[in-house]
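Turn this into a model:
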Amino acid sequence: MLFRAQPQRRTTDAYAPTVRGGRIAKLGQALAVVAVGACAAAWLIGRVLSDRYSWSQPISWIPTPFLAVPIWMALVGAATRELQRRAVVKPLEGRGPLASFLAPAGGVALLVLTGATAWHMAFVELGLHRAATTGGPEGPGAAVRDGGEATRIVFWNQASADVGPIAPAFLAVEPTVLVLANRHSRTATRDLAQAFIDTGDAYAAVGWPFDLFARLPVRRWASTSLELDGRSRQRDGSLREDPGWAAFYQLDAGAGTLTIWVIDLPSDPRASRMSLARRAGGAIASWQGATRVIHPDEGQWIERSDALGFPTPDVIVGDFNIPRGSASLRVFLESAGAAGMRDAFEEAGWGWKRTWPRQFPAWAIDQCFVGARVGAARFQTLDPGFGGHRALVVEVQGP
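Take a look at the predicted model:
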């Protein structure tokens with residue numbers, strides 16, 4: 001009796017893992033394409049539209065590295081995959097979604113995005129082209145402008161955190177002018193004032209929410225609420241009403257008067273920064289309040305301002321709660337009557353000079369601008385070891 005060999009039946013079970021694995025790989029590649037596209041779109045929207053619109057504001061706040069790194073990783077992954085494909089001479093057919101996307105238009109787009117984000121990161125975000133001209137992070141800074149003496153201005157937002165003695169941390173950088181914002185009620189400013197007295201000439205202008213200590217005589221100063229309907233987040237996560245604050249100080253400096261504005265704007269991330277900036281600038285431009293006048297011989301008195309607005313600033317520092325480079329910062333300057341002032345970081349800073357949060361600073365929300373009569377020679381940040389913000393340390397020359 002003859003028996004015919006029966007063909008074995010193929011079962012799908014033996015091939016199921018391979019099929020499922022291939023589908024999962026293709027799905028992962030498709031999701032990677034979507035993720036890279038989303039990062040690219042967010043970066044472009046944030047850079048082009050900035051915080052001009054409420055919907056684009058949170059997108060513009062995403063730091064460039066958070067969006068650029070996935071794009072760079074995608075380029076490396078795609079290049080590696082293409083090299084592997086060429087090594088085994090695989091045909092164009094059978095490629096996954098990511099590789100197909102990259103051949104050829106997708107590859108060109110990814111290369112352009114990588115180049116654009118890298119250039120923006122290096123020369124706009126980090127300002128690496130200024131490294132050689134500003135003396136490095138510990139260097140001496142630029143030469144004295146027009147023969148003027150250097151003035152070192154330090155600004156720090158304490159954010160009402162109870163941090164104990166602060167004099168040693170700030171006197172170590174030898175500030176000419178030290179401005180504290182939102183001082184905690186238990187902060188020992190008396191000790192700070194005494195430390196200034198013990199180490200040289202000392203002058204002060206103290207009044208919530210700013211305290212100024214200086215080596216230069218303070219001649220006139222005033223502070224005011226900006227009457228904004230803003231709110232600021234507290235350390236416990238709650239929100240409190242915050243109208244915003246501003247002050248100006250006029251100090252004797254060399255051959256002229258150095259005028260400094262100090263700003264503190266609300267921190268609620270849901271508030272439109274464009275609206276807050278415009279209204280804050282308008283409040284400063286229309287201000288006409290009481291000015292404290294300090295005479296070396298006649299003492300101190302209060303007089304009513306006879307002109308609208310703060311006096312023309314040479315330097316503006318403060319916690320704007322707006323990231324560096326945002327469109328709303330220029331709107332604030334224009335509305336306040338200070339159009340044309342320059343960002344001190346863009347003039348004399350380089351590197352990752354960001355101030356919040358202090359331990360892992362991702363956002364540059366504390367700003368410094370300089371006017372036509374002065375020049376920025378050095379821009380640094382200082383970690384005092386306590387509080388919620390890092391401090392700004394800016395050297396200016398002039399007037």
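
Look at Arg130 and say how many residues are nearby.
Residues contacting Arg130 under the criterion other Cβ atoms under 10 Å number 19. Where you see a C-beta, it was placed from the backbone N, CA and C, and this is true even at glycine.

Look up the pLDDT of the closest residue to it other than its chain neighbours for me, please.
Leaving aside its sequence neighbours, Arg130 sits nearest to Trp350 (Cβ to Cβ, 6 or more residues apart in numbering; 4.4 Å). In this model, Trp350 is scored at 96, pLDDT.

again, but for Lys26
pLDDT for Lys26: 76.

and what of the one 10 residues further on?
According to the per-residue confidence, Val36 scores 89 in pLDDT.

Please confirm that the residue nearest to Arg130 is located within a strand.
No: secondary structure of Trp350, determined by DSSP: H, G, I helix; E, B strand; the rest coil: coil, with no strand assignment.

So what's the gap between stretch 233-244 and the chain middle?
Relative to the mean C-alpha coordinate of its chain, stretch 233-244 is positioned 20 Å out (Cα atoms, centre = their mean, to the nearest Å).

now what about that stretch, what contacts it?
Residues outside stretch 233-244 that contact it (Cβ atoms under 8 Å, 6 or more residues apart in numbering): 159-161, 225-232, 263-269, 276, 280, 283, 388.

Give the buried subset of the residues you listed as a PyMOL selection command.
This is the PyMOL syntax for the buried subset of the contacts of stretch 233-244, where burial follows 16 or more other Cβ atoms under 10 Å:
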select buried, resi 159+160+161+226+228+230+231+232+263+264+265+266+267+276+280+283+388
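
So which of the contacts of stretch 233-244 sit within helices?
Judged by DSSP state H, those include Leu276, Ala280, Ala283 as members of helices.

Report the contact partners of the second one.
The reference is to Ala280. In this structure, Ala280 makes contact with Leu226, Leu228, Gly244, Ala246, Ile263, Leu265, Phe332, Ser335, Ala336, judged by Cβ under 8 Å, 6+ apart.

could you redo the last one with a cut-off of 6 Å?
By Cβ atoms under 6 Å, 6 or more residues apart in numbering, Ala280 lies in contact with Leu226, Gly244.

next one: the one 10 residues further on
When contacts are counted by Cβ under 6 Å, 6+ apart, Ala290 touches Ile302.

how close does it get to Gly207?
Going from Ala290 to Gly207 by Cβ to Cβ, to the nearest Å gives 11 Å.

re the thing from before, so the residue nearest to Arg130 sits against Gly127, correct?
Yes: here Trp350 lies in contact with Gly127, judged by Cβ atoms under 6 Å, at a distance of 4.1 Å.
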